[in-house]
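Undergrad: kindly generate the corresponding structure for this input.
(one chain, ligands or ions: 1)
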Amino acid sequence: MDDREHETHDRLTRRQSLAKAGGLAALLAGSAGWKLAAGEDDADAAVGPAAVASGAVTCVLAPEQTEGPYYVSGAKVRRNITEGRPGVPLTLRLRVVDASGCTPIRNAAVDVWHADALGRYSGVQDQAGKTFMRGVQRTDASGVALFKTVYPGWYPGRTVHIHVMVHIGGNVVHTGQLYFPDTITDAVYRRSPYRSRPNRQTRNAADAIYRNGGRRSQLALKRLDTGAYTAAITMGVHRS
Ligand code: FE
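TA: Next up, the predicted model:
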């Protein structure tokens, strides 16, 4: 177990302790920590070191998960990563906060990559030399990195996911994966072009990587009138 895993474990233990002490109801009823965990951004008044010290706020440390075999370094700095490829439009709103103080981290480089609607990664295998569905954005003053992409397709053995890496000052401070509610994926996959590949194999609960903390990396999805989706999450990280 490395340090980060220790910290994750410590936080889990603390949360479990709160639950045991009868604090769970309070935690669920409206603490800023819970809001942050759900990816919302209206809790600024209740964040900061004082709120953390008082126990009113606990940022959820985003779980570390494997980068997998398809990371390619040097992705382009760009917001729209689709290169015109088809799929249900998805706006990704990734917020990076310091897990020690729940404060937004500005100017972090957020690197995302995922399979296209047909389950293929660019840059590898028969897609070598291509760069679709990969990109980097800097976080703004609110800690937010915004991407325009499409809902990812599936590939054998994995549930639907987006890979993410956060760099600060040249150091990788977080490597993780982001997940989608299965029921929403089911609805999206009934649409074109996903429906040309029916019967996806692996859902969240059966995914070996998801099972190792993935529930805390589930995106909050919202369907727009246009049929497009927005997906948001707040990722608590340590600066070094
Ligand atoms: Fe993957």
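
Undergrad: could I get the contacting residues of Leu224?
TA: Thr230 (CB atoms under 8 Å, 6 or more residues apart in numbering). C-beta coordinates here come from the backbone N, C-alpha and C atoms, glycine included.

Undergrad: let me know the distance separating it from Arg190.
TA: 17 Å (CB to CB, to the nearest Å).

Undergrad: and for Phe132?
TA: From Phe132 to Arg190 the distance is 23 Å (CB to CB).

Undergrad: which one's more surrounded, those two?
TA: Phe132 (21 against 10; other CB atoms under 10 Å).

Undergrad: looks to me like that one is in a helix.
TA: No - counting by DSSP: H, G, I helix; E, B strand; the rest coil, Phe132 is not part of a helix but coil.

Undergrad: for the residue nearest to Arg138 when sequence neighbours are not counted, give me phi and psi.
TA: Excluding the flanking residues, the one nearest Arg138 by CB to CB, 6 or more residues apart in numbering is Asn107, at 5.5 Å. Backbone geometry at Asn107, expressed as degrees, to the nearest 10, gives phi 70, psi 20.

Undergrad: what residues does Asn107 make contact with?
TA: Arg138, Thr139, Ile168.

Undergrad: would you state the helices of this protein in chain order?
TA: Applying DSSP state H to the chain gives helices spanning 3-20, 24-30, 32-37, 49-54, 182-188.

Undergrad: okay, now the unreliable bits of the protein?
TA: Applying pLDDT under 70 to the chain flags residues 1-58.
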